[in-house]
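model the structure of this input:
(one chain, ligands or ions: 1)
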Amino acid sequence: MESTLRRTWSEILLDNLAHNYYVLKERIGTDVKFLGVVKADAYGHGAILVSRLLQELGCDYLAVSSLDEAVELRVNDITLPILILGHTPKDEVEHLIKYNITQAVTCKAKAVEYSEEAVKCGGTLKVHIKVDTGMSRLGYLCDGDFFDTGVDGILEAIQMPGLETEGIFTHFAVSDEPGEDCKAYTEHQFKLFTDVIKAVEEKWGHSFAIRHCANTGAVARYPETYLDMVRPGLLLYGYGDFAKELGLRPAMALKTNVSTIKTYPAGTAISYGGIYTTDKTTRIGVLPYGYADGFFRALSNRCSLMTVDGPAEVRGKICMDMCMIDLTDKPHVDVGSEVEVFGESNSINELAALAGTIPYELTCAVSKRVPRKYIRHGKIIESELLLRM
Ligand SMILES: *Cc1c(COP(=O)(O)O)cnc(C)c1O
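Predicted structure coming up:
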């Protein structure tokens, strides 16, 4: 059965995504490759259609966080190189090779395991070496006293049988944060990264084909870090302050519609816990959109959603499946009227700030019961519901 698509839905605006891709391509220039980060189901936008579009537009590389995410793309016509940024258990090396997936190598123990497994199955695993320059998550530790052991460890991995090293990368911790301290920290990370590359290449006698480190913050603010390839996620989807500055457009609109309207006298408590009480005759609309759809309960009584008559305040606690908005001065909003939770008219950046979080968390939180409509050239080209029907 097809979903009715009429309760609450997301619109994936592929035209905006294409626009963002072209703007970013223009920014990085023709000599720099573009890796589109499509982990976490393309930040909640749907990895398959987003990747198909990026492939069609001429993107060079994709990145995901796990083998399952990579295989999902491979079995859905994606032939672009795919890099797994996170951990893959060693018994899956066979599948990495079979599906032609590039794996990050983050330390000696993994390099040894991956090499042994690749040799065992008679194949070659393509890898990118991950350097920890200050993110303190994954990667060969290379800062300060660890420089020489880091460089030697990387060199050792490169020379292991069964591994073919194509690239080397690092990840910035504060490239998107303002302030001189963060700038200095990012510059230190970048310098360390290039120093490590230089030291390894000198001993190795070869160069890395693809050196990459620029995430969203660095693509927006540190052009000197582009090297051979950039690796933006958030920017591509058009969110955050940098996206606004660069003229990028949001790739998702989350929409719902008014299911019921009632008018209450002054002194009526709305929703669980009675945290909001009407102070006059109040027209309240019920939306079929709650925290089980991906709304944040922390936004209860604290944000507004966009109607044809302008922003309407959310009143009372947000429930699992519903929330209430104030339609007192909204004469054109009726049962069935569309309401935008976030999108081109209600900024996700502001909603995220109000919830004390970042836009990524809001798009990733959109749940599987919210169907997606993919829109290209102004027309719905595909709809998708992740519930099993
Ligand atoms: C998620 C991720 C990115 C993309 O980050 P954005 O801030 O969305 O640009 C890049 N590189 C790595 C290693 C990541 O994990």
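
and the gap between residue 270 and residue 351?
20 Å (Cβ to Cβ, to the nearest Å). To be clear about C-beta, it is placed using only N, CA and C from the backbone, and glycine gets the same treatment.

what's the closest non-adjacent residue to the residue sitting furthest away from the middle of the chain?
In the chain, counting by Cα atoms, centre = their mean, residue 265 sits farthest out from the average C-alpha position, at 44.2 Å. Spatially, and ignoring its direct neighbours in sequence, residue 265 is nearest to residue 281 (6.0 Å; Cβ to Cβ, 6 or more residues apart in numbering).

quick one, what contacts the one you found?
By Cβ atoms under 8 Å, 6 or more residues apart in numbering, the residues touching residue 281 are 263-266, 328.

mind listing which of these are in strands?
The strands, defined by DSSP state E, take in 263-264 from the contacts of residue 281.

need the contacts of residue 281 in JSON lines (columns: pLDDT and distance to residue 185).
Listed next are the contacts of residue 281 as JSON lines, based on pLDDT from 0 to 100; distance: Cβ to Cβ, whole Å:
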{"residue": "263", "pLDDT": "98", "distance to residue 185": "55"}
{"residue": "264", "pLDDT": "98", "distance to residue 185": "53"}
{"residue": "265", "pLDDT": "98", "distance to residue 185": "57"}
{"residue": "266", "pLDDT": "98", "distance to residue 185": "54"}
{"residue": "328", "pLDDT": "98", "distance to residue 185": "49"}
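
return the member of the contacts of residue 281 nearest to the ligand.
Minimum separation from the ligand among the contacts of residue 281 (Cβ to the nearest ligand atom) is found for residue 328, which lies at 39.1 Å.

list the contacts for that closest one?
Applying Cβ under 8 Å, 6+ apart, one finds that residue 328 lies in contact with 280-283.

let's see which of the residues you listed end up in helices.
Among these, no residue falls in helices (DSSP state H).

mind listing what the closest residue to the ligand within the stretch 201-350 of the chain touches?
With Cβ to the nearest ligand atom, the shortest gap between the stretch 201-350 of the chain and the ligand falls at residue 233, namely 2.6 Å. Shown here is residue 233, whose contacts under the criterion Cβ under 8 Å, 6+ apart are 36-37, 39, 43, 215-216, 360.

please narrow those residues to those residing in helices.
Taking DSSP H as the definition of helices, the contacts of residue 233 contribute 39, 43, 216, 360.

phi, psi for residue 128 please.
phi -120, psi 130 (degrees, to the nearest 10).

what separates it from the ligand, distance-wise?
When Cβ to the nearest ligand atom, to the nearest Å is applied, the distance between residue 128 and the ligand equals 10 Å.

can you pull the residues of the stretch 101-250 of the chain lying near the ligand?
On the criterion Cβ under 6 Å from any ligand atom, the ligand has as its neighbours in the stretch 101-250 of the chain the residues 171, 215-216, 231-234.

tell me where the stretch 201-350 of the chain has helices.
In the stretch 201-350 of the chain, the helices defined using DSSP state H, counting those that start in this stretch lie at 216-221, 234-237, 240-245, 348-354.

closest to the centroid, which residue in this protein?
When the chain is reduced to its mean C-alpha position, the nearest residue by Cα atoms, centre = their mean turns out to be residue 43, at 3.4 Å.

tell me the contacts of that one?
When the contact criterion is Cβ under 8 Å, 6+ apart, the partners of residue 43 are 37, 233-234, 237, 360, 363-364.

at 6 Å what do you get?
When contacts are counted by Cβ atoms under 6 Å, 6 or more residues apart in numbering, residue 43 touches 237, 363-364.

circling back to that earlier point, greatest separation within the contacts of residue 281: which pair is it?
Maximum pairwise distance in the contacts of residue 281, criterion Cβ to Cβ, is 12.4 Å, between 265 and 328.

which non-adjacent residue is nearest residue 295?
Spatially, and ignoring its direct neighbours in sequence, residue 295 is nearest to residue 318 (5.4 Å; Cβ to Cβ, 6+ apart).
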